[in-house]
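1. model the structure of this input:
(one chain, ligands or ions: 1)
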Amino acid sequence: MLSDRLFLEQQARACGFSSIRIATAEIPPDAERYEAWLEAGYHGDMGYLENTSELRLDARKFLAGARSVVVLGMDYGQPSPPDPGGLTGKVACYAWGRDYHNLILQRLRRLRKSLEEAWPGLRARGSVDLLPVYERAWAKAAGLGWIGKNCCAILPSEGSTFFIATLMLDRELPADGPMADHCGRCRRCLDACPTGAFLGPGSLDARRCISYLTIEHHGAIPLELRPQMGRWLFGCDVCQEVCPHVRLGKKKLEEDFFPRHAFLPLGAILEASDAALLDCFEGSPIRRACPERLRRNACVVLGNIGDRRAVPLLEQAARSASPLVQEHAIWALERCL
Ligand code: SF4
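-> Numbers count the residues shown, from 1 in each chain. Here you go, the predicted structure:
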């Protein structure tokens with residue numbers, strides 16, 4: 001058993017994963033809490049979470065005969081480039097570089113292949129984000145960090161700026177246990193959240209979260225939350241930026257995640273065609289927010305900057321063919337005049 005474990009760790013590290021833990025493929029202890037969260041509607045427009053909840057929480061439904069869940073971490077943390085200020089919007093750190101899905105899927109495939117070669121007859125299925133797997137629950141069960149009050153998995157050595165991938169195996173491996181919570185009395189993330197999105201420690205109302213509002217939410221951003229969004233154009237890092245563990249985290253630089261899009265010019269986003277925006281964000285997580293949502297967000301950020309230089313841009317956006325962009329541009333114009 002132990003040599004299987006060491007072999008797995010060695011292979012996972014050779015494939016570029018920075019942390020490796022193992023859980024038994026049972027329903028994770030967080031399942032009931034997750035279901036209650038969904039029932040309360042805190043997931044907002046993310047209907048796909050509700051539609052796939054059964055599959056997300058039971059590894060055996062994801063891979064028949066699953067016995068172990070290998071939980072893998074890959075660090076994306078990077079030092080921030082200088083803020084150019086002016087009429088620019090901020091992007092969450094995980095989206096500064098190339099889209100992580102392809103890179104992680106390639107690494108998962110390599111890892112699966114090496115395990116299949118060593119363990120003939122092995123059945124394995126990997127996932128990162130795109131498939132219905134509740135990665136954070138597996139991270140908690142396997143002890144790939146503790147789940148902080150900001151709902152992120154946190155590793156003492158790496159903070160919370162790492163992606164989580166899973167590889168389900170139909171082979172029994174010695175499982176790790178959950179990691180002790182190191183948040184203690186700290187509540188910086190809860191107090192710093194600009195929109196008050198935390199319902200309490202470890203519980204988030206996604207409908208108020210800036211990441212959700214700028215990326216997943218399709219409609220108008222609630223009026224009362226727009227001023228709190230500040231300069232966040234795509235995602236938000238506030239609850240991680242204030243976390244002492246993230247600031248202390250030791251960073252390994254992954255070339256794919258070098259910052260390409262940390263700050264974006266808002267005028268260019270409003271003026272570019274859909275095709276140009278899609279082209280510009282080819283291979284970037286920013287593509288998840290379609291051009292219309294990016295322009296909606298750009299209007300909110302310009303309204304929050306409140307600079308008269310934005311008026312011509314917003315006047316043009318107020319004549320957009322999209323009623324969503326029009327309405328946000330008119331809101332922003334009133335704050336810039
Ligand atoms: Fe925990 Fe404090 Fe980090 Fe929040 S900011 S996750 S309370 S250590």
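
2. where are the low-confidence patches of the stretch 1-150 of the chain?
-> Low-confidence segments of the stretch 1-150 of the chain, defined by pLDDT under 70: 1-2, 132.

3. residue in it nearest to the ligand?
-> Closest contact between the stretch 1-150 of the chain and the ligand, by CB to the nearest ligand atom, is at residue 148 (2.8 Å). Yep, even glycine has a C-beta here, placed from its N, CA and C like the rest.

4. so where do the strands sit in the stretch 1-150 of the chain?
-> Secondary structure of the stretch 1-150 of the chain (DSSP state E, counting those that start in this stretch): strands at 19-24, 68-75, 88-91, 124-127, 146-147.

5. would a markdown table of those strands with mean neighbour count be doable?
-> Putting these into a markdown table (neighbours: other CB atoms under 10 Å) gives the following:
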| stretch | mean neighbour count |
| --- | --- |
| strand 19-24 | 23 |
| strand 68-75 | 26 |
| strand 88-91 | 22 |
| strand 124-127 | 20 |
| strand 146-147 | 20 |
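
6. format the ones you listed as a markdown table; extra columns: distance to residue 50.
-> As requested, the strands of the stretch 1-150 of the chain are exported to a markdown table (distance: least, CB to CB, whole Å):
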| stretch | distance to residue 50 |
| --- | --- |
| strand 19-24 | 23 |
| strand 68-75 | 22 |
| strand 88-91 | 28 |
| strand 124-127 | 18 |
| strand 146-147 | 21 |
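
7. can you report how many residues lie near the residue of the stretch 1-150 of the chain closest to the ligand?
-> Neighbours of residue 148 under the rule other CB atoms under 10 Å: 23.

8. quick one, what contacts it?
-> 154, 160, 183, 189, 202, 243, 245 (CB atoms under 8 Å, 6 or more residues apart in numbering).

9. hmm, 6 Å instead?
-> Contacts here follow CB atoms under 6 Å, 6 or more residues apart in numbering; on that basis residue 148 touches 154, 183.

10. same thing with residue 31?
-> Counted by CB under 6 Å, 6+ apart, residue 31 has contacts residue 57.

11. how about 10 Å then?
-> Residue 31 sits next to 53-54, 56-58, 134, 137 when contact means CB atoms under 10 Å, 6 or more residues apart in numbering.

12. same check, this time on residue 83
-> 90, 231, 262-263.

13. which parts of this structure belong to which domain?
-> 4-78+98-169, 188-336 (automatic domain parsing).

14. wondering if the longest one reaches the ligand at all.
-> Yes: judged by CB under 6 Å from any ligand atom, domain 188-336 comes into contact with the ligand through 188-189, 242-245.

15. mind checking the longest helix of this protein?
-> Looking across the chain with DSSP state H, the single longest helix is helix 100-118.

16. residues of it that come out buried?
-> Neighbour counts over helix 100-118 (16 or more other CB atoms under 10 Å) mark 100, 103-105, 107-108, 111-112, 114-115 as buried.

17. for stretch 36-53, same thing?
-> Buried-residue list, stretch 36-53, by 16+ other CB under 10 Å: 37-38, 42-44, 49, 52-53.

18. stretch 288-306 now?
-> 289, 291-305.

19. quick one: name the residues of the stretch 1-150 of the chain near the ligand.
-> Checking the stretch 1-150 of the chain against the ligand by CB under 6 Å from any ligand atom, the hits are 148-150.

20. need those residues in a markdown table with distance to residue 198, can you?
-> Listed next are these as a markdown table, based on distance: CB to CB, whole Å:
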| residue | distance to residue 198 |
| --- | --- |
| 148 | 11 |
| 149 | 7 |
| 150 | 7 |
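
21. quick one: residues contacting residue 100.
-> 74, 76, 94, 128-129, 163, 165, 254, 256-257, 285.

22. just the buried members of the residues you listed?
-> Buried, going by 16+ other CB under 10 Å: 74, 76, 94, 128, 163, 165, 254, 256-257, 285, out of the contacts of residue 100.

23. can I get those in JSON lines with distance to residue 221?
-> Output for the buried ones among the contacts of residue 100, formatted as JSON lines (distance: CB to CB, whole Å):
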{"residue": "74", "distance to residue 221": "31"}
{"residue": "76", "distance to residue 221": "26"}
{"residue": "94", "distance to residue 221": "21"}
{"residue": "128", "distance to residue 221": "28"}
{"residue": "163", "distance to residue 221": "27"}
{"residue": "165", "distance to residue 221": "31"}
{"residue": "254", "distance to residue 221": "32"}
{"residue": "256", "distance to residue 221": "31"}
{"residue": "257", "distance to residue 221": "28"}
{"residue": "285", "distance to residue 221": "20"}
